[in-house]
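1. Got a predicted model here, sequence first, then my questions.
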Amino acid sequence: MKHLIVFVFNLLIVSSVFSQQNIIQGYVYDEITLKPLSYATISIDDVSGTVTNEEGYFKYKFFDERKYPIDIKISYVGYENKIISINNSNIYRIYLNPKENNIPEAVVKADFIYALLNKAYNKIPDNYPDRGSRYKGFFRQTVSNKDQIVYMGEAYIDSYKSSYGIKCQDNQIEILKFRKFTKQNYYENNYRLAGGPFLIYGLDMVKLRGNFLNPKYYNEFNYEYNNIVSFQDREFYELKFESKSQKVSGKVLIDKKDYGYANIKLEYQDTIFDGRIKKGPSLSNVTFTKIGDLYFLNNYSYSLILTNPEKKEELVVNLNYTTVESNLNDASPIDYKKTIAYNDIFMNETIDTSNNFWKNYNIIENDSSINKFIKLNANLQNQKSKSWIKYLMNFNFGFGVGNRWLNSNFFANKFQATQPNGVTTTNTVNYDNKHLLYGYFSVGYHISKKSEISYFYAKDRFSDKQYVQREFSYIYRNRIKNYGKPIFLNTELGVSFFNYERKANFQNETPILLNEDLKYLGIKGTDLNIATGLTAFLSNSFAVSLKIQLSYMADYTTIFNYEEGSVDIIYKPVNDQSIDFTDRFSTSVSIGIKYYLNKY
């Protein structure tokens, strides 16, 4: 017993040690102005890291057995790098020194600038990956109206980027986890923002060979030397450029030694009218980190102004991304079934305001405005949870058509007929139809995000047969497409009660006068059902539903339907007719439309 207690005690100690999660956190400031430095790069082991948020704050979680002290490197364009050793999880305050160098006048002539641009462009194959690479990182998109956030979407993404020797080929993105928030009474459908995560490629002007970098288009831009800038322990030429149309301007940092691009800033003055919406101007800032001999995209920020003249509304869209993990050694592409398309609308998902949502991920930490917005949504959710109306919003309604295939042995085919004078004879019934077409109506109620109970009513309205089915079922749905319009794979278990009658078509073995008042004969019973299917959303509320069902007839009774008030000949099935086990199975397929009162 003593040894057992010691063993359990040691096990608890080991478990507590491994459950501890080391973190590093702090603020980064300008040492002179004491202002926070937003989107400063925090590097750990070169291939992992994060960036500061708008308020200069960062936090990085270690999910391995990393122990203190932990060395980190902080870098920011125009500042000296700083390497510090983190000894605990306390909040550190880190100050960076600005550093600028002036370049001699002799080297800022036009010939030197164009020679520098040419060298940098021709060195792209040497300075950037010549094979595929994989990155995992955090993406955030916000939409603000009058400085108030009205929409936010967040995602942890896995991306594959093909060789920089190819302008654009096989770039892929998989959404690993995401959530969204929308301000009450504001519908993001008014501004459908597609392709957000793909800006990891769309803003990579090195891979896209942006016109301002390409020698073919030098004549369309004006260039000038601006300064020498320190960044990541190296010195860079900073060049300014502006298109002669004055629609595009920006800055680019080119390494003095290897001529790699480390930072590109762009400003687009041009505006584009898309229907009723005016897009622009916009700003972008992309930073590359050098690991070994190669440069890799580390983070980007992008802002865009959307103007709706009809509503006199101006929205500011902000997107931010930072690479958290890098796989640089012959990384394989992502399974295409898991990837998203560029035109997928991002973030159609329900709200999750949990503080632990990103517990197991490294992200760009929330600033005060984002925390305020999340708290507001959490309060709204709590208010809604107290309202009985929210329970009504869990209903959905559907309608459609279906087809059921029945074995002809489903029905008794020999009957005994008894006349009023006591004479009996045996009659045989022919069944020529083995399937039926029906219309249906359904009502569902969601008891959770993945569970639903449903009532299904079907009736044959397309022939002279009479078929009615009432089904009660439990549906478990699993989302198989986690981006854009969702698709759910459904598994369904249920029980149904059916009544199936057909017009009598007797053939007499002994000629007698048949009862002209017998309208239908058939069967009623109980089915046990199992089904699978898909629900694919066309919008936030409408979806197409497909179901394939296997039914087993657990109980049945033969029924007769006579004209009211007139029964001359009485029929009953011959007693030795039992339905075999295999004949009790039937299949059906249905397709229809569903409408959800609440968004999916």
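-> That came through fine. Bear in mind that the values here come from a model prediction, so they are computed numbers and not experimental data. Numbers count the residues shown, from 1 in each chain.

2. Look at Phe373 and give its secondary structure.
-> helix (DSSP: H, G, I helix; E, B strand; the rest coil).

3. neighbours of it, just the number please.
-> Phe373 has 20 neighbours, counted by other Cβ atoms under 10 Å. To be clear about C-beta, it is placed using only N, CA and C from the backbone, and glycine gets the same treatment.

4. Quick check: the gap between the residue lying closest to it once chain neighbours are set aside and Val143.
-> Sequence neighbours aside, Ile149 is the residue nearest to Phe373 in space, at 4.2 Å (criterion: Cβ to Cβ, 6 or more residues apart in numbering). According to Cβ to Cβ, to the nearest Å, Ile149 and Val143 sit 7 Å apart.

5. where are the low-confidence patches of the stretch 51-200 of the chain?
-> 100-108, 166-169, 184-195 (pLDDT under 70).

6. Which stretches in it count as strands?
-> 57-61, 70-75, 82-86, 91-96, 100-101, 133-145, 148-161, 172-182 (DSSP state E, counting those that start in this stretch).

7. returning to that earlier point: looks like the residue nearest to Phe373 contacts Asn371 (just checking).
-> No: counting by Cβ atoms under 8 Å, Ile149 does not reach Asn371; the two are 10.4 Å apart.

8. For those two, indicate the residue with more neighbours.
-> Using other Cβ under 10 Å, the more surrounded residue of Ile149 and Asn371 is Ile149, with 20 against 12.

9. any idea how far the more buried one is from Ile370?
-> Taken as Cβ to Cβ, the span from Ile149 to Ile370 is 7 Å.

10. what touches both of the two?
-> Common neighbours of Ile149 and Ile370 (criterion: Cβ atoms under 8 Å, 6 or more residues apart in numbering): Thr142.

11. Contact partners for Glu242?
-> Contacts for Glu242 (Cβ under 8 Å, 6+ apart) come out as 221-222, 248-250.

12. For the closest residue to Lys177 other than its chain neighbours, name its beta-bridge partners.
-> For Lys177, ignoring the flanking residues on the chain, the nearest one in space by Cβ to Cβ, 6+ apart is Tyr156 at 4.8 Å. Beta-bridge pairing of Tyr156, defined through DSSP bridges, involves Phe138, Lys177.

13. Then Thr287?
-> When assigned by DSSP bridges, Thr287 has beta-bridge partners Asn263, Asn299.

14. That one reaches Tyr300, doesn't it?
-> Yes: taking contacts as Cβ under 8 Å, Thr287 lies within contact range of Tyr300: 7.1 Å.

15. more crowded one of those two?
-> Between Thr287 and Tyr300, Thr287 has the larger neighbour count (other Cβ under 10 Å), namely 27 against 24.

16. Give me the local confidence score for the more buried one.
-> pLDDT, Thr287: 94.

17. Next up, the contacts around it.
-> Contact analysis of Thr287 by Cβ under 8 Å, 6+ apart lists 39, 41, 77, 262-263, 297-300.

18. try Val443
-> Val443 touches 395-398, 454-455, counting by Cβ under 8 Å, 6+ apart.

19. Over to Pro333?
-> 132, 160, 170, 172.

20. Phi and psi next, for the first one.
-> Backbone geometry at Gly132, expressed as degrees, to the nearest 10, gives phi -70, psi 150.

21. May I see the contacts of Thr287 arranged in CSV, with distance to Leu116 as well?
-> Formatted as CSV, the contacts of Thr287 follow (distance: Cβ to Cβ, whole Å):
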residue, distance to Leu116
Tyr39, 26
Thr41, 24
Val77, 18
Ala262, 14
Asn263, 15
Leu297, 22
Asn298, 23
Asn299, 25
Tyr300, 24
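
22. which pair in these spans the largest distance?
-> Taking Cβ to Cβ as the measure, the contacts of Thr287 span a maximum distance of 14.9 Å, between Val77 and Leu297.

23. Tell me the first helix or strand C-terminal of the helix or strand of the chain with the lowest mean pLDDT.
-> The helix or strand of the chain with the poorest confidence is helix 2-19; it has a mean of 39 (mean pLDDT, DSSP states H and E). Going down the chain from helix 2-19, the next helix or strand is strand 23-30, by DSSP states H and E.

24. Output the contacting helices and strands for that following strand.
-> With contacts taken as 3 or more Cβ pairs under 8 Å, 6 or more residues apart in numbering; DSSP states H and E, strand 23-30 sits against strand 57-61, strand 70-75, strand 91-96.

25. Domain-wise, how is the protein divided?
-> The chain breaks down into these domains under automatic domain parsing: 21-98, 101-348, 391-596.

26. In TSV: these, plus distance to Ala378.
-> Converted to TSV, the domains of the chain look like this (distance: least, Cβ to Cβ, whole Å):
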stretch	distance to Ala378
domain 21-98	20
domain 101-348	9
domain 391-596	17
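
27. Which one of those lies nearest to Asn360?
-> Minimum separation from Asn360 across those (Cβ to Cβ) falls at domain 21-98, 7.0 Å.

28. Run the chain-centre distance for that closest one.
-> In terms of Cα atoms, centre = their mean, to the nearest Å, the centre of domain 21-98 is set 31 Å apart from its chain centre.

29. same deal with stretch 321-336?
-> That offset, for stretch 321-336, works out to 19 Å (Cα atoms, centre = their mean).

30. List the buried residues of that stretch.
-> Residues of stretch 321-336 classed as buried: 321-324, 326, 328, 331, 334 (neighbour count, 16 or more other Cβ atoms under 10 Å).

31. Asn403: which of these is nearest?
-> Ile334 (38.8 Å).

32. Check the gap between Ile475 and Phe497 for me.
-> On the measure of Cβ to Cβ, Ile475 and Phe497 end up 18 Å apart.

33. got it, and Gly439?
-> 18 Å.

34. now swap in Ile593 and tell me
-> 25 Å.

35. Equivalent analysis for Lys183, please.
-> Counting by Cβ to Cβ, the gap from Lys183 to Phe497 is 47 Å.

36. Neighbour count: those two, which is higher?
-> Between Lys183 and Phe497, counted using other Cβ under 10 Å, the more crowded position is Lys183 (18 against 14).

37. could you list every residue that touches the more buried one?
-> 148-151, 373, 376-377.

38. Buried subset of those as a ChimeraX selection?
-> This is how ChimeraX selects the buried members of the contacts of Lys183, with burial counted by 16+ other Cβ under 10 Å:
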select :149,150,151,373,376,377
